[in-house]
Structures are given as structure tokens and as C-alpha cells.
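S.K.: sequence first, then the predicted structure:
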Amino acid sequence: MRVLLIEDDTVLGAGVRDQIKAEGHSVDWVTRLDEASDYLASAAYDLLLLDLMLPDGRGLPFLRELRGRGDVTPVIILTALDQISDRIEGLNAGADDYMVKPFDLSELSARLAAVARRYSGNPNPLITIGNLEIDLAAKSVRRNGKPVRLTAREWVLFEAFVQRPGQILSKAQLEERLYAFDTEVESNTIEVHVSRLRKKLDKGTIETVRGMGYRLGGAA
């Protein structure tokens, strides 16, 4: 999952960023609304984490504008505004969840996962595909009842396929998933990781769609 964090508190922002990355997600962090607009114009995000008080404006008008133009990207508000009226206003503006600072980073991870599952069409974090048992919350896979050890990068890619069953994912879309690890993505990186996933799970788990990308295979 690719997340855009909009937060001007450098200490909190660093903590949230590190937590999200530790969970295996990709995250871009900006401190201003104008920066957020630029990032949204140049990339597709699975979820936004939005502070309400930013140096160049308030988050609620930004959120209303987002929803006004038809953008349905999930949004979780992160703010120190703790009145019931503030929560109601945030949710009515189009937020999917509302967390009051200070908050526990583990709770943030749980809420992030819950919102992501709702939008991916997988409200149940436990999924069975063929001989694979997948726990999205625990980020674990079992094959024929036996645990399969996946690296963080392998999990990020596999999760992308599981969350979009039947959908073709391009090489560029998959490469975006790996940018969270602060390493250069080489030209053959996706091919290497897909090959490793096939060896660990099943050679038919991920299908190659020539000239277009990859998708979750029926043999899984």
C-alpha cells in the first residue's frame, strides 16, 4: 500500500513514517498542503493521513476539495482537535477515520489496515486462495498449512496482488511498492521478486500477462 502522510510536526511525522515503513508499506511524507497537491497530481495513493493544522492552511477545506472533485482515496485525519464537534466535522467532510493526538502507533497501524481492507474489498483479513492461507493483518502466508517465509519486499508485492484479485498490475505499479525501502529499484527487480514468490508459493501463483504486467493466477 502506498500512503501519503501530510503532517508538519517533524517528530510525530518521523514516527508515523517509520511505523508505516516497518509495516511494509510505501510512504511519502510532506509538511504542507501545496506539496500534498503536487504529490497527488503525480502519483496514485491508497490512503492519506491528514493533519488539520498545516503551515499553509487547514486540512478540512483540502479534504472537501478532494472529495468535491470525485477523489475517493481513503483519508484518516490525525489531529490534536479533540472535541466531538471537530470529529463530526471531519467525518462529514469525507474522512474515513479520525485519530486524536497523541495516539499509539500500533493503533494507527490497525486503523490503517482496517480502512485499507474496506476499500480493497477484503473486510476479512483472513483469505484462502487455493492451498494458500493469507492473513493480511499478520502479514503471513501458509501453504498447505505450513508457514511460508516472505521477505518484506516479497510480502509488499504479494499483498498488491491479493488486494486486487484478477487485476493486471504493471511493472511500474509494482515498482512503486518497493520505493518505501529507500533502495534503488533496478530494471529486473520485479522479475526477480516475482520469480522468488513463484518458487515459495507456486509457479502458477502469479501469471505474466505479456506486454502488460502480472496478475494473481488461478493456480494459486
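M.R.: Sure thing, it's come through.
S.K.: and the helix or strand where residue 110 lies, what's buried?
M.R.: In this structure, residue 110 sits in helix 105-120 according to DSSP states H and E. Residues 105, 108, 109, 111, 112, 113, 115, 116, 117, 119, 120 are the ones in helix 105-120 that count as buried (16 or more other C-beta atoms under 10 Å). No exception for glycine: its C-beta is placed from N, CA and C like everyone else's.
S.K.: between the residues you listed, which is nearest residue 68?
M.R.: Distance to residue 68 across the buried residues of helix 105-120 (C-beta to C-beta) is lowest for residue 119, with 19.2 Å.
S.K.: helix or strand with the lowest mean pLDDT in the protein?
M.R.: strand 126-129 (a mean of 79; mean pLDDT, DSSP states H and E).
S.K.: residues touching that one, excluding its own?
M.R.: 133, 134, 135, 136, 162, 165, 216, 220 (C-beta atoms under 8 Å, 6 or more residues apart in numbering).
S.K.: now the fifth one: how far from residue 128?
M.R.: For residue 162, the distance to residue 128 equals 11 Å [C-beta to C-beta, to the nearest Å].
S.K.: flag the shaky bits of this protein, pLDDT-wise.
M.R.: 119-125, 137, 179-185, 218-220 (pLDDT under 70).
S.K.: show me the domain layout of it.
M.R.: The chain is divided into the following domains under the TED database: 2-120, 127-216.
S.K.: distance between the last one and the chain's centre?
M.R.: Offset of domain 127-216 from its chain centre (C-alpha atoms, centre = their mean, to the nearest Å): 14 Å.
S.K.: likewise for stretch 126-141?
M.R.: When C-alpha coordinates are averaged (C-alpha atoms, centre = their mean), stretch 126-141 and its chain have centres 17 Å apart.
S.K.: regarding that stretch, how distant is the last residue from the first?
M.R.: 10 Å (C-alpha to C-alpha, to the nearest Å).
S.K.: list the buried ones in it?
M.R.: Across stretch 126-141, burial judged by 16+ other C-beta under 10 Å covers 129, 132, 133, 134, 136, 139, 141.
S.K.: ok, now stretch 22-33?
M.R.: Neighbour-count burial for stretch 22-33 flags 23, 24, 25, 26, 27, 28, 29, 30, 31, 33 (criterion: 16+ other C-beta under 10 Å).
S.K.: farthest pair in these?
M.R.: The most widely separated members of these are 24 and 33, with 27.6 Å between them, by C-beta to C-beta.
S.K.: what segments of this protein are helices?
M.R.: Secondary structure of the chain (DSSP state H): helices at 10-22, 33-42, 59-68, 84-92, 105-120, 152-163, 171-178, 189-200.
S.K.: what's the third one in contact with?
M.R.: Read it as helix 59-68. The contact list for helix 59-68, computed with C-beta under 8 Å, 6+ apart, reads 6, 33, 36-37, 40, 50-53, 73, 75, 77, 79, 89-90, 93-95.
S.K.: let's see 10 Å
M.R.: Helix 59-68 is contacted by residues 6-7, 33-34, 36-37, 40, 48, 50-54, 56, 71-73, 75, 77-79, 81, 86, 89-90, 92-95 when judged by C-beta atoms under 10 Å, 6 or more residues apart in numbering.
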